[in-house]
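Novice: I would like the atomic coordinates for the input below:
(chains A, B, C and D, ligands or ions: 2)
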Amino acid sequence: MNNINNSMTMRIKALSVNESFARSAVAAFCVQLNPSIEEIGDIKIAVSEAVTNCIVHAYGYGEGEMSITVELYDNTVAITIQDFGKGIEDVDKAMQPFYTSSPEDERSGMGFTVMNAFMDKLEVISESGQGTSVYMEKIVGKEAEVKC
Amino acid sequence: MNNINNSMTMRIKALSVNESFARSAVAAFCVQLNPSIEEIGDIKIAVSEAVTNCIVHAYGYGEGEMSITVELYDNTVAITIQDFGKGIEDVDKAMQPFYTSSPEDERSGMGFTVMNAFMDKLEVISESGQGTSVYMEKIVGKEAEVKC
Amino acid sequence: MKVLHTTSYNLLTIALQGELDECCAKTVRSELDSIFATENYNAVVFDLSMLEFMDSTGIGVLLGRYKTLASQNRPVYITSPNTNVDKVLKMSGIYSIMTRIDR
Amino acid sequence: MKVLHTTSYNLLTIALQGELDECCAKTVRSELDSIFATENYNAVVFDLSMLEFMDSTGIGVLLGRYKTLASQNRPVYITSPNTNVDKVLKMSGIYSIMTRIDR
Ligand SMILES: Nc1ncnc2c1ncn2[C@@H]1O[C@H](COP(=O)(O)OP(=O)(O)O)[C@@H](O)[C@H]1O
Ligand SMILES: Nc1ncnc2c1ncn2[C@@H]1O[C@H](COP(=O)(O)OP(=O)(O)O)[C@@H](O)[C@H]1O
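Specialist: Ligands and ions are numbered 1, 2, ... in the order given. Below you'll find the predicted structure:
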């Protein structure tokens, strides 16, 4: 990973109307690295999973904020999605496919599995009561070519 | 203006490749208030003017960051665009139509005039060496209707 | 999100249009359940050709509907997802219980 | 941003395609100047039908080109801006020096 070329941080309310904004804004920022349409789709879904988790799990549909940081390197996108909500007691368990703490909401327990599958790197840092930080990386495009 | 319904803050590098991202992201966030296409166009251009000024004037094309905050009220969008650059010595003079400090760059001196014309409110707070904060409001749409 | 439906020869076709995420999941769920309760059918096809986006919340919605329909012995099929939607469906293993049929 | 051009009967038509802002202004300026230097023409039309966005930086670019062309007695016209581009052009007063012609 080379020198950081560009970066963006946004802070938004943990409202479900912001889900589509969040994934589109991240995708729009990543366009600078010339990703393919499929890569953009992968990034959108991974962002959507992490953002949904903030709204649903971190704040239980209540008030809260989340922060999304996107860093662009030569051919890599690094995304950090952070909340200040209730945190995860057992991260390893939470990351298991099909594990969900809210089966009654028909959640599939596939959120982390999707992030893992669609991105090239996934790191989750969390502690009970301390919020959660999800860090993901994806290698995209062929070459960083900045156009306008 | 009623209770704030939603808000977003982003911090981006003052790079000209970020101009189109910034105006599109603000526009995408405002869509929640059902603005007309013309209103979205007005917002995009006003944001573009303020963002360009950060890049060109505040940092003179050099390194720097800007922060963009969008607040949605019942039928009003409030946008604050802030930089931490060189500031404006005489704000009243700067806001005059056709005044520009860089005529050699073929700047038109119409930036503030455009913001004023296309938004419903414009407030500029600045001091030499202290950065600049541009606050704008626009009344949009008919009614706040949140869809997804 | 729009949920459209037509029934012909006892085949109920549900077309999902737009972006299926957590924001609209609740509405979509109840729209689907009310269609399932009122139509006359013995099999269901989800036509995803107009579905632009879906994440794992959507998987949950589909699986939830599947459970009810399977318990009534009504088979469920999926047709025409776009590349990205297809990727999520594949990795969720959903195709092993809802066959993908393409024309 | 793309700058396209055609010349016919000494009328040079420049079509601007995309978004004209500060990011591409420098490139657009030098592309225009090299077209102006090489073509054979006595009037210029800016066809803005494919211009999706323009801000006051674009006004500066147009005014800059106008100055040179006017000093050579070459009239400059504008055609087919979209509603939002038209609004900026109007408020800048540019139509008083570059006539808007529509077909
Ligand atoms: N940001 C978060 N804050 C608190 N808990 C979380 C967060 N993200 C995930 N979790 C926990 O991890 C579990 C698994 O998450 P995930 O794989 O996304 O599946 P799902 O969202 O369908 O439950 C969740 O059920 C929840 O208990
Ligand atoms: N963010 C800023 N930081 C420092 N100076 C600024 C800033 N915004 C505007 N200015 C000053 O105000 C003047 C007028 O701005 P504007 O009306 O946008 O016209 P233009 O950008 O074409 O010069 C600029 O030329 C500059 O001197």
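
Novice: list the buried residues for the strand ranked longest in chain C?
Specialist: Ranked by residue count, the top strand of chain C under DSSP state E comes out as strand C:11-20. Buried residues in strand C:11-20, defined by neighbour count with 16 or more other Cβ atoms under 10 Å in any protein chain shown: C:Leu12, C:Thr13, C:Ile14, C:Ala15, C:Leu16, C:Gly18, C:Glu19, C:Leu20. All C-beta spots, glycine's among them, are computed from the backbone N, C-alpha and C.

Novice: ok, and what's touching the next helix or strand after it?
Specialist: Toward the C-terminal end, the helix or strand that comes next after strand C:11-20 (DSSP states H and E) is helix C:22-38. Contacts with helix C:22-38, where a contact means Cβ atoms under 8 Å, 6 or more residues apart in numbering or on different chains, come from A:16-17, A:19-20, A:52, A:55-56, A:106, B:148, C:1, C:3, C:5, C:12, C:14, C:16, C:18, C:20, C:44, C:55, C:57-58, C:60-61, C:64-65, C:68-69.

Novice: which of the residues you listed fall in strands?
Specialist: Using DSSP E, the members of those that fall within strands are C:Val3, C:His5, C:Leu12, C:Ile14, C:Leu16, C:Gly18, C:Leu20, C:Val44.

Novice: which residue does chain C have closest to ligand 2?
Specialist: In chain C, the residue that lies nearest ligand 2 is C:Cys23 (35.8 Å; Cβ to the nearest ligand atom).

Novice: measure how buried that residue is and give me the count.
Specialist: Number of residues near C:Cys23 (other Cβ atoms under 10 Å in any protein chain shown) recorded here: 23.

Novice: repeat for C:Arg29
Specialist: 16.

Novice: please report the distance of it from ligand 1.
Specialist: 15 Å (Cβ to the nearest ligand atom, to the nearest Å).

Novice: same check, this time on C:Asn40
Specialist: On the measure of Cβ to the nearest ligand atom, C:Asn40 and ligand 1 end up 33 Å apart.

Novice: what secondary structure does the residue of chain C found nearest chain D sit in?
Specialist: Chain C approaches chain D most closely through C:Glu52 (21.7 Å), counting by Cβ to the nearest Cβ. At C:Glu52, secondary structure determined by DSSP: H, G, I helix; E, B strand; the rest coil is strand.

Novice: residue contacts, it?
Specialist: Applying Cβ under 8 Å, 6+ apart, the residues near C:Glu52 are C:Gly18, C:Glu19, C:Asn82.

Novice: circling back to that earlier point, narrow the contacts of helix C:22-38 to those that are buried.
Specialist: By neighbour count, with 16+ other Cβ under 10 Å, these hold A:16-17, A:19-20, A:52, A:55-56, A:106, B:148, C:1, C:3, C:5, C:12, C:14, C:16, C:18, C:20, C:44, C:55, C:57-58, C:60-61, C:64-65, C:69 as buried.

Novice: secondary structure class for the most centrally placed residue in chain C?
Specialist: Geometric centre of chain C, nearest residue: C:Phe46, 3.9 Å, by Cα atoms, centre = their mean. Classification of C:Phe46 by three-state DSSP places it in strand.

Novice: shouldn't it be in contact with C:Val76?
Specialist: Yes - if you go by Cβ atoms under 8 Å, C:Phe46 and C:Val76 touch, sitting 7.1 Å apart.

Novice: what's the overlap in contacts for those two?
Specialist: Common contact partners of C:Phe46 and C:Val76 (Cβ under 8 Å, 6+ apart): C:Met98.

Novice: contacts for stretch C:78-92 next, please.
Specialist: Contact with stretch C:78-92 is made by A:37-38, A:41-42, A:44-45, A:108, A:110, A:113-114, A:117-118, C:45-49, C:51-56, C:58-59, C:94-95, C:98-103, as judged by Cβ under 8 Å, 6+ apart.

Novice: of these, grab the buried ones for ChimeraX.
Specialist: Of the contacts of stretch C:78-92, the buried ones go into a single ChimeraX selection, burial set by 16+ other Cβ under 10 Å:
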select /A:41,42,44,45,108,110,113,114,117,118 /C:45,46,47,48,51,53,54,55,56,58,59,94,98,100
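
Novice: list the buried residues for stretch A:115-123?
Specialist: Buried residues in stretch A:115-123, defined by neighbour count with 16+ other Cβ under 10 Å: A:Met115, A:Asn116, A:Ala117, A:Phe118, A:Met119, A:Leu122.

Novice: have a look at chain A and report its longest helix.
Specialist: helix A:37-53 (DSSP state H).

Novice: what helices or strands is that one leaning on?
Specialist: helix A:18-30, strand A:65-72, strand A:76-83, helix A:111-118, strand A:132-139, strand C:51-54, helix C:56-71, helix C:83-92 (3 or more Cβ pairs under 8 Å, 6 or more residues apart in numbering or on different chains; DSSP states H and E).

Novice: and the angle from it to helix C:83-92?
Specialist: Interaxial angle of helix A:37-53 relative to helix C:83-92 (axes from the mean of the first three to the mean of the last three Cα atoms, to 10 degrees): 60 degrees.

Novice: contacts for helix A:37-53 next, please.
Specialist: Residues outside helix A:37-53 that contact it (Cβ under 8 Å, 6+ apart) are A:16, A:18-19, A:22-24, A:26-27, A:30-31, A:35, A:66, A:68, A:77, A:79, A:81, A:111-112, A:114-115, A:118-119, A:132, A:134, A:136, A:138, A:140-141, C:21-22, C:53, C:55-57, C:83-84, C:87-88.

Novice: what parts of chain A come near chain B?
Specialist: Contacts of chain A with chain B, taken as Cβ under 8 Å from any Cβ of the partner chain, map to A:6-13, A:15-21, A:24-25, A:28-29, A:31-32, A:146-148.

Novice: hmm, 10 Å instead?
Specialist: Contact residues (Cβ under 10 Å from any Cβ of the partner chain) of chain A with chain B: A:4-13, A:15-22, A:24-26, A:28-32, A:65, A:67-70, A:72, A:146-148.

Novice: any regions of chain A where pLDDT drops low?
Specialist: For chain A, the stretches flagged by pLDDT under 70 are A:1-3, A:142-148.

Novice: got the buried residues for stretch A:87-101?
Specialist: In stretch A:87-101, counting by 16+ other Cβ under 10 Å, buried: A:Gly87, A:Ile88, A:Ala94, A:Met95, A:Pro97, A:Tyr99, A:Thr100.

Novice: could you confirm whether that stretch reaches chain C?
Specialist: Yes - residues of stretch A:87-101 contacting chain C under Cβ under 10 Å from any Cβ: A:Pro97, A:Phe98, A:Thr100.
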